[in-house]
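**Q** Pasting the sequence and the predicted coordinates here, then a few questions.
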Amino acid sequence: MSETGCRADVWLWRARFFKTRSLAAKFLDEGKVRLTRAGAETRIDKCARPVKIGDQLVFAVGGRLIAVSVEGLGERRGPPAEARGLYSTLD
């Protein structure tokens, strides 16, 4: 794992937005996540796309709109308290 980025599906799983990595990958492959990096907004359409610290992600899961800024990439899928340290919520 490099410090420059982390696969989007792995990050969403580590940050505990999805129970399994395959659910996160399916969600990403359907193009349901918007990524903003350096002011440019794109849609993530492949689960292997990297997310980097400072990126902003917007997606809807479970009927809730979630907007987060990536604060860390994480080394593992840890407990919820550790997962919350990987992102900060946006207004």
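**A** Thanks, I have it.
**Q** When you work out contacts or count neighbours from here on, use the C-alpha atoms and nothing else.
**A** OK.
**Q** Name the single longest helix found in this structure.
**A** helix 21-29 (DSSP state H).
**Q** which of the residues in that helix are buried?
**A** 21, 24-25, 27-29 (16 or more other CA atoms under 10 Å).
**Q** So which residues make contact with the helix or strand just after it?
**A** The helix or strand immediately downstream of helix 21-29 is strand 33-37, counting by DSSP states H and E. For strand 33-37, the external contacting residues (CA atoms under 8 Å, 6 or more residues apart in numbering) are 27, 41-45, 54-60.
**Q** Of all the residues in strand 33-37, which ones are buried?
**A** Buried-residue list, strand 33-37, by 16+ other CA under 10 Å: 33-36.
**Q** Export the next helix or strand after that strand to CSV, keeping only CA atoms.
**A** Following strand 33-37 in sequence order, the next helix or strand is strand 40-44 (DSSP H and E). Provided in CSV are the C-alpha atoms of strand 40-44 (Å, rounded to 0.1, in the frame of the first residue of the first chain):
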residue,chain,number,x,y,z
ALA,A,40,-12.5,19.0,-10.3
GLU,A,41,-15.5,16.8,-9.8
THR,A,42,-15.7,13.3,-11.3
ARG,A,43,-17.7,10.2,-10.8
ILE,A,44,-15.8,7.1,-9.6
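**Q** which residues does the residue nearest in space to the middle of the chain contact?
**A** Computing the C-alpha centroid of the chain and ranking residues by CA atoms, centre = their mean puts residue 12 first, at 4.0 Å. The contact partners of residue 12, by CA under 8 Å, 6+ apart, come to 18, 21, 24.
**Q** Please identify which helix or strand holds it.
**A** Mapping residue 12 onto the secondary structure by DSSP H and E places it in helix 8-14.
**Q** Perfect, that will be all.
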